[in-house]
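**Student:** With the input below, show me the fold.
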Amino acid sequence: MLITDHILDDAKLIESPNYSERLDESDIRLLVIHCISLPPKVYGNSYIEEFFCNKLDIDSHEYFKEIKDLKVSCHVLIKRDGKIIQFVPFNKKAWHAGLSSHKNEENCNEFSIGIELEGYHTEKYTKHQYNSLIQVSKALFKNYKDLNKDNIVGHSDISPNRKTDPGKDFNWSYYLNEL
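**Tutor:** Next comes the predicted model:
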């Protein structure tokens with residue numbers, strides 16, 4: 001898997017408006033693993049893509065009214081079948097971490113890449129997702145010198161009082177061993 005101009009060559013690109021410039025676009029030193037499903041525990045639809053692009057029809061599900069004012073994104077989403085969708089170039093700041101801190105440094109969006117897995121924090125992820133996540137991670141390591149398997153965290157690690165993802169069923173040992 002290759003990265004050209006901060007975009008994965010093998011990913012479907014759907015540009016999100018929810019990003020900003022990094023203070024230093026070369027300062028990429030943390031990989032954050034997340035999960036999302038819209039509505040919760042429902043898979044195989046386009047709601048996540050619509051949400052990250054501010055195009056979610058809030059009348060299509062009651063849950064969407066709770067998130068209607070949020071403006072969020074990630075760099076990459078990995079669907080249950082392993083399909084990879086990129087929303088924000090890696091040198092830009094995706095809005096994925098929110099209120100966060102890593103090693104006493106606030107605002108992890110500034111220096112991290114966010115990868116969302118289509119899933120729910122209490123459910124297992126698919127083999128296809130792990131395969132794609134491993135491929136994407138290896139490509140990121142090749143392209144961004146400060147990224148390696150020692151600086152990968154879950155959203156719950158940088159926002160412990162707010163977030164639980166990717167959850168207890170995320171197989172950290174398998175993922176890290178394959179890197």
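**Student:** can you give me how far stretch 121-129 is from the chain middle?
**Tutor:** 14 Å (CA atoms, centre = their mean, to the nearest Å).
**Student:** just the helices in the chain please.
**Tutor:** All helices of the chain, identified by DSSP state H, fall at 47-52, 64-67, 127-143, 155-158, 172-178.
**Student:** ok, and for the second one, which residues are buried?
**Tutor:** Put plainly, it is helix 64-67. Phe64 (16 or more other CB atoms under 10 Å). Where C-beta positions appear, they are placed from N, C-alpha and C, glycine not excepted.
**Student:** related to what we said a few turns ago, now the helices of the chain in TSV, with distance to Ser100 and mean pLDDT?
**Tutor:** Compiled in TSV, the helices of the chain are given as follows (distance: least, CB to CB, whole Å; pLDDT from 0 to 100):
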stretch	distance to Ser100	mean pLDDT
helix 47-52	18	98
helix 64-67	18	97
helix 127-143	19	98
helix 155-158	4	97
helix 172-178	19	98
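**Student:** and Ile7, which of these is closest to it?
**Tutor:** Closest approach to Ile7 among the helices of the chain is made by helix 127-143 (10.7 Å; CB to CB).
**Student:** What residues of the closest one count as buried?
**Tutor:** Applying 16+ other CB under 10 Å to helix 127-143 flags Gln129, Tyr130, Ser132, Leu133, Ile134, Gln135, Val136, Ser137, Ala139, Leu140, Phe141 as buried.
**Student:** cool, stretch 97-104 as well?
**Tutor:** Buried residues in stretch 97-104, counted by 16+ other CB under 10 Å: Ala97, Ser100, His102.
**Student:** Which residues does the last one form beta bridges with?
**Tutor:** With beta bridges defined as DSSP bridges, His102 has these partners: Glu105.
**Student:** Okay, it and Ser26: tell me how far apart.
**Tutor:** 18 Å (CB to CB, to the nearest Å).
**Student:** Can you tell me which of the buried residues of stretch 97-104 is nearest Lys79?
**Tutor:** Distance ranking of those against Lys79, using CB to CB, places Ala97 first at 21.0 Å.
**Student:** Many thanks, we can stop here.
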